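Asks: Show me how the following folds:
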Amino acid sequence: MAELQALAHAVRSGATSALHVADQALERAAERRALNAFDQLDDALVRAQAAAIDERVSRGEDPGPLAGVPVALKANMVTPDLPTTCSSRILQGYEGFYDATVAARLRAAGAILFGKTAMDEFAMGSSGEHASGGPALHPTDPTRVPGGSSSGSASAVGAGIVPAALGSDTGGSIRLPAAFCGVVGFKPTYGRVSRRGLVAFASSFDQIGPLTRSLEDAALIYEVIAGRDPLDATTVSLPVTSALQALDGASPRGLRVGVDASLLGEGLQPEIRTSLERAAHQLGTSGAEIVPISLKMARYAVATYYVLTSAEASSNLSRFDGVHFGVRAAGAEGLEQVYTRSRTLGFGPEVRRRILLGTFVLSAGSYDAYYAHAQKVRTLFCREFEQVFQACDVVLLPTTPTTAFRLGNQVRDPLAMYLQDAYTIPASLAGLPALSMPLGVDEAGLPIGAQLLAAPFAETTLFRAAGALRSALAGAGGLP
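Replies: Predicted coordinates for the structure are as follows:
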């Protein structure tokens, strides 16, 4: 029984109380406060939720499959009881008036919503360093970044503060920090999980998913939050098949795994390359078929992604106008300063950079040359993956080109930072389900992540493959 199931079973059976579980998590959060993993955390609110669950148990009710389980939310997910700041000064103090659909589904399943986690401002970043409240830190080496933009979620789970957290993934913002922090990070197919109540970065890319310490826990959270939402027209009506069942007895035998050897070359940390090659070899010797593939479009991924997402960000963030939100940011400085300083006070440098880029590519003289062209390239990504998944069931890739780097190492070099997403962006461009799982550590003891991609809405295939990879590595004596 996985951690979340065991914890919920203990609460539902009365072996422990939700309040005891919550108090333990709050103690861990206080002990690890220096990680700066949380943007908002209200102890009294957490305890009140736990007490309500214990009351239901005492009445003989079943709170649900996540009874008493603390689950943190990324700071871009709306709830009415905590501010939703997106780790930005422009939204400091902003209070929503409803639960994001994912938050409502977690509550209905009995989970305790355990605060809002720190993030790169408006989910724009790969390191967690672009947050108004300062960067979240790596759970085992505080001199390094935890990855972004779901930095606080990965740090909180990796540090053992909470057993699960939700993140949002636009170009790798769940998978990249999961790889850096040595946890599981799962991005479902675009449209599988409702985005209602998620503050938008790039609406045609954003997707919510879990970060956990095991595949089973990720599967359970996914089953709770996935499914059609009548309040989000981008969600699909396809049934959500059990990812947990797909993990049960998952074997490499008969699985077709696509590997593009050309993507394991220049720019990839040697230890990550060795780990991926070993994983592919072990899958093959355990009964999987290793299929050589060619992802020719991958070289265009980063450029295409940043044109499209910056354009969407420019459009989405225009709602935060200087007059309305500038007053909040300027505070006592008064209205006379709003017009000249509200944008600076509101948005950080990375968000401003992307707004400017997006506004440029959408301008009359650049639209056809950049934005329209990038949309055509995105279509080519989808077509290429359609062909690839005719030959294989899943694709095996690195999650990141390097392990976690030191704070400040790349923050002044936007291009180097953007290239951290080189392996995660292809799945985002095509809207595919993708999962990062731990594959071992490098010589410095820093986690290495392996990434698996599957065809649209083939989440059960993806989890089966992840379970098969875990089984194959266990058969070889464990993780490298």
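Asks: Roughly how far does the residue nearest in space to the middle of the chain sit from Arg278?
Replies: The residue lying closest to the centre of the chain (CA atoms, centre = their mean) is Ile174, at 1.9 Å. Here the criterion is CB to CB, to the nearest Å. By it, Ile174 lies 25 Å from Arg278. Every C-beta, even on glycine, is put in place using the N, C-alpha and C of the backbone.
Asks: Low-confidence ranges, the stretch 301-450 of the chain, go.
Replies: 321-345 (pLDDT under 70).
Asks: those helices in it, which residues are they?
Replies: Secondary structure of the stretch 301-450 of the chain (DSSP state H, counting those that start in this stretch): helices at 301-316, 322-330, 338-346, 349-361, 373-391, 414-418, 425-430.
Asks: Out of those helices, which gets nearest to Pro70?
Replies: Closest to Pro70 of the helices of the stretch 301-450 of the chain is helix 425-430 (CB to CB; 28.4 Å).
Asks: and the closest one, what does it pack onto?
Replies: helix 301-316, helix 373-391, strand 447-454 (3 or more CB pairs under 8 Å, 6 or more residues apart in numbering; DSSP states H and E).
Asks: now for those, which one comes closest to Thr16?
Replies: strand 447-454 (29.9 Å).
Asks: closest to Glu31 out of the helices and strands packed on helix 425-430?
Replies: So among the helices and strands packed on helix 425-430, strand 447-454 is nearest, using CB to CB, at 21.4 Å.
Asks: and Leu432, how many residues sit next to it?
Replies: Residues lying near Leu432 (other CB atoms under 10 Å) number 24.
Asks: dump the residue contacts of it.
Replies: Listed by CB atoms under 8 Å, 6 or more residues apart in numbering, the contact set of Leu432 reads Thr189, Phe385, Pro426, Leu453, Ala454, Ala455, Pro456.
Asks: swap in Tyr305?
Replies: Gly171, Phe205, Asp421, Ile425, Ser428, Leu429.
Asks: State the distance from the fifth one to Leu220.
Replies: Going back to what we said before, that points to Ser428. Ser428 is 24 Å from Leu220, by CB to CB.
Asks: Same drill for these two, tell me which one is more crowded.
Replies: Higher neighbour count among Ser428 and Leu220: Ser428, with 29 against 25, using other CB under 10 Å.
Asks: Was I right to think the more buried one contacts Phe205?
Replies: Yes: between Ser428 and Phe205 there is a contact at 5.4 Å, judged by CB atoms under 8 Å.
Asks: all strands for the chain, in order.
Replies: Using DSSP state E, the strands assigned to the chain run over residues 38-40, 70-74, 112-117, 164-169, 184-187, 207-212, 256-259, 289-292, 394-398, 434-441, 447-454.
Asks: Partner strands of the third one and their direction?
Replies: Pointing back at strand 112-117 there. strand 38-40 (antiparallel), strand 70-74 (parallel) (DSSP bridges).
Asks: what does the last one give?
Replies: Sheet pairing here is set by DSSP bridges, and for strand 447-454 it gives strand 394-398 (antiparallel), strand 434-441 (antiparallel).
Asks: Nearest to Lys74, out of these?
Replies: That would be strand 434-441 among the strands paired with strand 447-454, by CB to CB, at 16.2 Å.
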